[in-house]
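>>> could you work out the structure for the sequence below:
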Amino acid sequence: MIQTETTLASRFTLRQREQIFGWALILPAVVIILSMILYPIIYNMYLSFFDVNFHGKNTYLGLENHKEVALDPFFWKAVGTTVLYVVFTTVGTTLLGLIVAMAMNKRFPLRWLVRSLILFPYVAPVISVVFAWQFLFDPVQGIVMDLMVEKLGIFSERFNLIGSPKSAVWIAVTFSIWKNFPFAYLMFLSRLQAIDKNMYEAADIDGANGWAKFRYITLPEVYFVMGALVLLRIIWNFNKFEEIYLLTTNVKVLSVYTYFKAFIGTMEMGQGSALVVIQFLLLIGFILIYVKRVLKW
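Okay, here's the model as predicted:
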């Protein structure tokens, strides 16, 4: 035993032995995590080449599932809906989070209480707030239709805003912005509080107005936080399912469309798997374009 330890000590430096020991400690966790992530991805790619039969042997189809998905007009409609949803929800949550963070960065009475209440949409269970929104937009009892028809006269008659595919997507966008902007607000607020106040005092001495201070001090300071937030929101919104599906089934983004394709109706699991693969490639493409063209990383 002593001879073995002596041999190891002579073969590796102290730093190398520490690195080996560190990898030995984290290796079980790395194996488990990679197995939970890589196995579903690889198995899903495998299924995308087959006609999946739950009661028999799967039939190999090659790229047939991918071709059928690419030629399906409903798929491209889902892509368009997804792009619209991702763009508007990402921009909305980022801008609203920044505006609220700048407001909450100022001192006023009961600021601690208001800061806490702002987090409610983000921490509230999604099922409860979805049901609340469905009640608000109910065509008979909801206060939204009552306000738009009876009070403001925007519409001549009541109708279901969530039930119409054209308006439902905008309700889903609005809901997502309201539900998720507190995360952006927290990130922006933490960065705003770290900005040196002397920079703003110097700008006041130079006669800079509010817009100049925001453009030349605040925006450069929060730029990288904003870039990271937009990247995260693109990924999260692109894969968003539960909020949209619980709120309405009339908004067929790619995640919802894939669910209906794989588990509802004819249960075409092979095409559902092909959809997931295509969705994954589209997401990677969006991320690469954003990172290279916008963030310039």
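>>> what helix or strand does residue 283 sit in?
helix 269-289 (DSSP states H and E).
>>> and that helix, how far out from the chain's middle?
15 Å (C-alpha atoms, centre = their mean, to the nearest Å).
>>> and stretch 204-224, by the same measure?
So, by C-alpha atoms, centre = their mean, the centroid of stretch 204-224 is 29 Å from its chain's centroid.
>>> got a list of contacts for it?
For stretch 204-224, contacts defined as C-beta atoms under 8 Å, 6 or more residues apart in numbering pick out 98, 102, 188, 191-192, 195, 199-200, 203. C-beta coordinates here come from the backbone N, C-alpha and C atoms, glycine included.
>>> buried sites along the helix holding residue 283?
Across helix 269-289, burial judged by 16 or more other C-beta atoms under 10 Å covers 269-279, 283, 286.
>>> same check on stretch 222-231?
222, 225-227, 229-231.
>>> what does stretch 193-203 give?
Buried residues in stretch 193-203 (16+ other C-beta under 10 Å): residue 203.
>>> with stretch 43-63 instead?
So for stretch 43-63, counting by 16+ other C-beta under 10 Å, buried means 44, 47-52, 61.
>>> need the residues you listed in a markdown table (columns: distance to residue 134).
Output for these, formatted as a markdown table (distance: C-beta to C-beta, whole Å):
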| residue | distance to residue 134 |
| --- | --- |
| 44 | 32 |
| 47 | 34 |
| 48 | 35 |
| 49 | 40 |
| 50 | 38 |
| 51 | 38 |
| 52 | 34 |
| 61 | 40 |
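>>> just the closest of those residues to residue 248, please.
Nearest to residue 248 among the buried residues of stretch 43-63, counting by C-beta to C-beta, is residue 44 at 26.6 Å.
>>> okay, the closest one and residue 280: tell me how far apart.
Residue 44 is 9 Å from residue 280, where distance means C-beta to C-beta, to the nearest Å.
>>> ok, now residue 248?
25 Å.
>>> same question, residue 174
Going from residue 174 to residue 280 by C-beta to C-beta gives 28 Å.
>>> Three-state assignment for residue 154, please.
coil (DSSP: H, G, I helix; E, B strand; the rest coil).
>>> just to revisit the earlier point, so of the contacts of stretch 204-224, which ones are in strands?
If you go by DSSP state E, the contacts of stretch 204-224 have nothing in strands.
>>> make CSV out of these and add pLDDT and distance to residue 258.
As requested, the contacts of stretch 204-224 are exported to CSV (pLDDT from 0 to 100; distance: C-beta to C-beta, whole Å):
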residue, pLDDT, distance to residue 258
98, 93, 32
102, 91, 38
188, 93, 33
191, 90, 36
192, 89, 39
195, 85, 43
199, 87, 48
200, 84, 48
203, 85, 50
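>>> which of those fall within helices?
Among the contacts of stretch 204-224, DSSP state H puts 98, 102, 188, 191-192, 199-200, 203 in helices.
>>> ok, the residues you listed vs residue 290, which is closest?
Nearest to residue 290 among the ones in helices among the contacts of stretch 204-224, with distances taken as C-beta to C-beta, is residue 98, at 18.0 Å.
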